[in-house]
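> Below are the sequence and a predicted model; questions follow.
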Amino acid sequence: MSIQETIQRMKDAWSVPRRQTRSDAAEPDFMLSCTFADEPARSDELAVLQGSVPEDLMAFWRLTRTASLFVDRHYGQWGLEILSPSEAVRETHLQRRNRPAQYRDGDVVIGRFLGDSDLLVIRCDEKGADFGKILVALPIDPRPDWFTPADTFGDFLRLYLENEGAKFWEGQ
């Protein structure tokens, strides 16, 4: 499924807040929805990351600058904010400064989970065997304890949609 198709499915099913339908949903009382910026990322923002970011993430940003996925619209304590390219650069610099032992060259922070301090990270070292992999950086845990929920950003989005915003990687 392409990034565009995944975004469209999220819009179709989750633009209006609703409850999760999964029987194993951890928090079935949350009213969740997905919203997307009306404009794509600016070309100057994309130029900063061009060449180092996997194409599926670039495709996302070319369609929408930011997104709020499966956000609890009542309490705001659940969901994922996908950052704009410029926000991703700022957050990456902040994390590298604050936790230099955990963040490596080629890490780019692309999202923040609401209700906790977990971060969504993509590997952007084109020479590395893990190029494009998605990590969930935990706020106090060392890097070896971080989750790797998907091999690509596109796979992560698709799985996150299929799991209706549940943190599917935590059960792995």
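Everything's here; your move.
> Any idea which helix or strand in this protein has the lowest mean pLDDT?
Ranked by mean pLDDT, DSSP states H and E, the weakest helix or strand in the chain is helix 43-49, scoring a mean of 87.
> Now do the buried residues in it.
45-46, 49 (16 or more other C-beta atoms under 10 Å). Where you see a C-beta, it was placed from the backbone N, CA and C, and this is true even at glycine.
> now for the longest helix anywhere in the chain, which elements pack on it?
When the chain is parsed with DSSP state H, its longest helix is helix 85-98. The contact analysis (3 or more C-beta pairs under 8 Å, 6 or more residues apart in numbering; DSSP states H and E) places helix 85-98 against helix 43-49, strand 107-113.
> With distance to residue 11 added, can I get those in TSV?
As requested, the helices and strands packed on helix 85-98 are exported to TSV (distance: least, C-beta to C-beta, whole Å):
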stretch	distance to residue 11
helix 43-49	22
strand 107-113	18
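> Let me know which of those is the nearest to residue 16.
strand 107-113 (22.3 Å; C-beta to C-beta).
> Give me the contacts around that closest one.
The contact list for strand 107-113, computed with C-beta atoms under 8 Å, 6 or more residues apart in numbering, reads 49, 52-53, 57, 79-83, 88-89, 91-92, 95-96, 118-124, 135-137, 153, 167.
> quick one: buried residues of that strand?
Within strand 107-113, the residues scored as buried using 16+ other C-beta under 10 Å are 107-113.
> End to end on stretch 20-39, go ahead and measure it.
With C-alpha to C-alpha, to the nearest Å applied, stretch 20-39 spans 28 Å between its terminal residues.
> tell me the mean pLDDT for it?
For stretch 20-39, the mean pLDDT works out to 77.
> for stretch 128-144, same thing?
What stretch 128-144 shows for mean pLDDT is 95.
> and the end-to-end length of it?
17 Å.
> Could I get the full set of helices for the chain?
Counting by DSSP H, the helices of the chain are 3-14, 43-49, 55-63, 85-98, 153-162.
> on that earlier part again, show me what the longest helix of the chain is in contact with.
41, 45-46, 48-49, 61, 65-66, 83, 102-103, 107-110, 112, 119, 137.
> still on that earlier bit, will you turn the buried residues of helix 43-49 into JSON lines that also has distance to residue 75?
Output for those, formatted as JSON lines (distance: C-beta to C-beta, whole Å):
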{"residue": "45", "distance to residue 75": "31"}
{"residue": "46", "distance to residue 75": "34"}
{"residue": "49", "distance to residue 75": "33"}
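> how far away is residue 103 from residue 164?
Going from residue 103 to residue 164 by C-beta to C-beta, to the nearest Å gives 30 Å.
> Also residue 145?
For residue 145, the distance to residue 164 (C-beta to C-beta) stands at 25 Å.
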